[in-house]
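A.B. asks: Output the structure for:
(one chain, ligands or ions: 2)
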Amino acid sequence: MTYVPPEVIEEKVLEIYEDIKGRYAELKNKDKLKIPTVEMPAQDPHVRAHNLEEVAIGYTLEEAIVEANRCLQCPTQPCIDGCPVRIDIPAFIEKIALNEIQQSVDIIKEASLLPAICGRVCPQESQCQATCIVGKAKKDVDKAVAIGRLERFAADWERERGAIKVPEVKPETGKKVAIVGSGPAGLVVAADVRREGHDVTIFEAFHKLGGVMRYGIPEFRLPNDIVDIEISTLKKMGIKFQMNYVVGRTRKLTDLMAKDGFDAVFLGTGAGLPIFMGIEGENLVGVFSANEYLTRANLMRAFDREHADTPIYKSKVVAVLGGGNVAMDSARMALRLGAEKVYVIYRRTEVEMPARKEEVLHAKEEGIEFHFLQNAKRILGDEKGRVVGMECLRYELGEPDASGRRRPVVIEGSEFTIDLDTVIVAIGNGSNPLISQTVPELKVNKWGNIVVNEKQKSSVDKIYAGGDIVLGAATVILAMGEGRKAAASINELLAENVETEKEAEINS
Ligand SMILES: Cc1cc2nc3c(=O)[nH]c(=O)nc-3n(C[C@H](O)[C@H](O)[C@H](O)COP(=O)(O)OP(=O)(O)OC[C@H]3O[C@@H](n4cnc5c(N)ncnc54)[C@H](O)[C@@H]3O)c2cc1C
Ligand code: SF4
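C.D. replies: Ligands and ions are numbered 1, 2, ... in the order given. Next up is the predicted model:
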């Protein structure tokens with residue numbers, strides 16, 4: 001697929017819009033199926049490769065209405081089954097088709113608190129859009145109704161009008177809940193628990209809120225302003241935030257409950273511990289974990305060379321090891337930080353890459369070079385300990401492994417060397433052991449992920465957990481889904497406590 005400028009998309013769409021305007025109810029399925037997919041307008045790849053502005057520009061009203069008219073309103077609603085938080089997708093899309101945008105936002109928000117974020121970063125192509133009947137009819141998931149783009153449109157429409165509604169909060173119950181971590185899991189728990197009138201405090205290790213949405217996913221995919229506005233809604237609900245507060249260091253988790261009076265705790269501490277390759281040369285100057293690289297660039301604003309003090313390595317040739325979203329973000333960030341050449345080195349093929357298809361496409365358009373069926377064997381340094389190259393091996397695909405993907409098998413004797421000055425390791429993240437080490441009763445699995453039951457309750461009374469700290473590195477929407485479940489369990493626990501206290505008061 002080649003890049004199509006926004007004005008070309010708009011011109012094409014306006015013609016269709018004029019034809020279908022106001023006819024949603026009378027359009028037959030065969031008419032809807034003839035409407036072509038409305039591409040997402042995006043910045044020119046040559047321009048955006050050197051700025052941090054958002055790549056995807058977003059639909060205009062007419063573009064959104066035309067795309068919404070592609071929805072068949074299927075009675076079986078398979079798209080809802082594909083959504084981890086079960087947004088009523090046909091209903092919100094119908095409202096867009098009818099130009100009733102606020103009603104559309106209201107429907108989305110019944111199930112998802114952070115639609116502007118999910119509309120931007122959710123892997124819709126493997127969730128709701130993968131099950132969409134239009135995509136199936138056209139035998140191409142890329143031609144499914146663009147549910148994510150429509151979700152983003154509706155959320156942006158509301159935000160741009162300054163009309164974001166603050167959810168209602170019930171009268172105060174006097175119960176206190178501590179949330180550890182301000183990523184999507186923690187934020188969702190905070191909102192859902194606060195709605196019931198409980199007093200909520202979020203403790204965050206960093207000086208800024210949002211978890212990976214702030215320090216990992218770059219501005220060009222998810223602008224910080226959007227994360228800030230979503231969080232400001234929580235502040236308006238009366239949720240308290242304690243930043244620069246590392247639970248397990250600043251204060252023990254058990255003290256929060258025993259001494260500070262919290263009635264329940266939710267752990268949403270994510271998977272922020274970088275995993276390295278364990279190869280020779282990984283301690284050379286010029287080797288970064290993707291986490292460090294992106295945190296410097298995003299959270300510590302290293303890209304803003306004129307205003308930020310954060311140093312960042314001046315790279316000419318960068319290799320990123322890995323094939324997920326984190327690898328794509330690192331590669332595209334390296335380009336924006338001035339690298340002349342950026343390679344993504346992945347030991348399987350493009351088919352097995354876990355990164356979102358759209359991100360891979362955008363990376364290619366921007367000039368990132370992909371090297372498949374290759375991997376690093378060792379990183380080479382000069383006498384000053386700085387990276388100067390990397391020895392790589394070639395691979396072929398063997399039988400499928402436990403993940404169902406074909407196993408990469410090394411081709412013996414296939415070593416070759418590439419010259420470069422920076423290596424970014426983006427092969428995954430594990431969970432930080434800080435909390436589990438300080439609370440030995442907290443049961444974790446062999447990867448250090450907290451073990452929970454179907455209600456997100458941990459092995460310790462009144463402690464719940466969800467998101468990446470339970471699932472391992474996953475997705476924003478899955479973290480939110482777990483947060484939703486945990487909040488329901490915490491609300492249930494606290495409602496029982498309130499009832500018991502009332503009975504005790506009556507009987508005393
Ligand atoms: C670079 C990158 C790109 C990604 N791209 C996508 C994408 O496109 N789409 C998608 O769906 N997902 C993406 N993901 C994954 C997604 O961001 C995560 O699955 C999601 O953020 C997990 O949410 P969480 O709330 O569990 O944890 P996190 O977002 O990791 O938040 C955890 C928070 O807890 C804080 N914390 C940790 N320990 C403590 C402590 N002891 N005390 C206090 N605070 C603590 C951390 O500082 C952090 O702010 C990406 C991840 C990365 C790293
Ligand atoms: S499956 Fe696709 S076409 Fe059918 S209701 Fe859902 S979004 Fe619309």
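
A.B. asks: In contact with the nearest residue to residue 462 once chain neighbours are set aside, which residues?
C.D. replies: Computed as C-beta to C-beta, 6 or more residues apart in numbering, the closest residue to residue 462 that is not its neighbour in sequence is residue 264, at 4.8 Å. The way it works is simple: take the backbone N, C-alpha and C, and place the C-beta from them, glycine included. Listed by C-beta atoms under 8 Å, 6 or more residues apart in numbering, the contact partners of residue 264 are 175, 177, 178, 462, 463, 464, 490, 493, 494.

A.B. asks: any chance you could read off phi and psi for residue 264?
C.D. replies: phi -160, psi 160 (degrees, to the nearest 10).

A.B. asks: Up against ligand 1, what does the stretch 301-450 of the chain have?
C.D. replies: For the stretch 301-450 of the chain, the contact set with ligand 1 under C-beta under 6 Å from any ligand atom comprises 325, 326, 329, 356, 432, 434, 435.

A.B. asks: residue ranges for the helices of the stretch 301-450 of the chain, please.
C.D. replies: 325-336, 357-366, 434-438 (DSSP state H, counting those that start in this stretch).

A.B. asks: among these, which is nearest ligand 2?
C.D. replies: Closest to ligand 2 of those is helix 357-366 (C-beta to the nearest ligand atom; 17.8 Å).

A.B. asks: Now do that closest one: everything it contacts.
C.D. replies: By C-beta under 8 Å, 6+ apart, helix 357-366 touches 1, 3, 42, 45, 48-49, 55, 125, 142, 221, 325, 328-329, 331-332, 335, 344, 350, 353, 370.

A.B. asks: Restricting to C-alpha, output that helix in CSV.
C.D. replies: In CSV, the C-alpha atoms belonging to helix 357-366 read as follows (Å, rounded to 0.1, in the frame of the first residue of the first chain):
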residue,chain,number,x,y,z
LYS,A,357,0.7,-4.1,10.8
GLU,A,358,0.1,-0.4,10.6
GLU,A,359,3.2,0.4,12.6
VAL,A,360,5.3,-1.8,10.4
LEU,A,361,3.9,-0.1,7.3
HIS,A,362,4.5,3.3,8.8
ALA,A,363,8.1,2.3,9.7
LYS,A,364,8.8,1.1,6.2
GLU,A,365,7.3,4.3,4.6
GLU,A,366,9.7,6.3,6.9
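
A.B. asks: For it, buried residues please.
C.D. replies: Judged by neighbour count (16 or more other C-beta atoms under 10 Å), helix 357-366 contains these buried residues: 358, 359, 360, 361, 362, 363, 365, 366.

A.B. asks: Could you quantify the relative orientation of it and helix 325-336 as an angle?
C.D. replies: 20 degrees (axes from the mean of the first three to the mean of the last three C-alpha atoms, to 10 degrees).

A.B. asks: Next up, the contacts around residue 71.
C.D. replies: 32, 90, 93, 94, 97, 134, 145.

A.B. asks: Would you check which pair of those residues lies furthest apart?
C.D. replies: Across these, the longest distance by C-beta to C-beta is 14.3 Å; it joins 94 and 134.

A.B. asks: Tell me who's in contact with the closest residue in space to residue 59 that isn't next to it in sequence.
C.D. replies: Spatial nearest neighbour of residue 59, chain neighbours left out: residue 153 (4.6 Å); criterion: C-beta to C-beta, 6+ apart. By C-beta under 8 Å, 6+ apart, residue 153 lies in contact with 58, 59, 63, 64, 96, 119.

A.B. asks: Return the subset of those residues lying in helices.
C.D. replies: 63, 64, 96, 119 (DSSP state H).

A.B. asks: Nearest to ligand 2, out of the residues you listed: which one, please.
C.D. replies: When the ones in helices among the contacts of residue 153 are compared against ligand 2 (criterion: C-beta to the nearest ligand atom), the nearest one is residue 96, at 11.3 Å.

A.B. asks: Can you tell me, leaving aside adjacent residues, what's nearest to that closest one?
C.D. replies: Counting by C-beta to C-beta, 6+ apart, the residue nearest residue 96 is residue 68, at 3.9 Å.

A.B. asks: Report the contact partners of the one you found.
C.D. replies: 93, 94, 96, 97, 145, 150.

A.B. asks: Now distance to residue 418 and pLDDT too, for these, in CSV please.
C.D. replies: Formatted as CSV, these follow (distance: C-beta to C-beta, whole Å; pLDDT from 0 to 100):
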residue, distance to residue 418, pLDDT
93, 47, 98
94, 52, 97
96, 48, 97
97, 51, 96
145, 42, 98
150, 42, 98
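
A.B. asks: Can you pull the poorly scored residue ranges out of the stretch 351-500 of the chain?
C.D. replies: In the predicted model of the stretch 351-500 of the chain, no residue satisfies pLDDT under 70.

A.B. asks: Looking at it, which residue is nearest ligand 2?
C.D. replies: residue 477 (16.3 Å).

A.B. asks: Equivalent analysis for the stretch 101-250 of the chain, please.
C.D. replies: For the stretch 101-250 of the chain, C-beta to the nearest ligand atom, closest residue to ligand 2: residue 132, 3.4 Å.

A.B. asks: I'm done for today, thanks for sticking with me.
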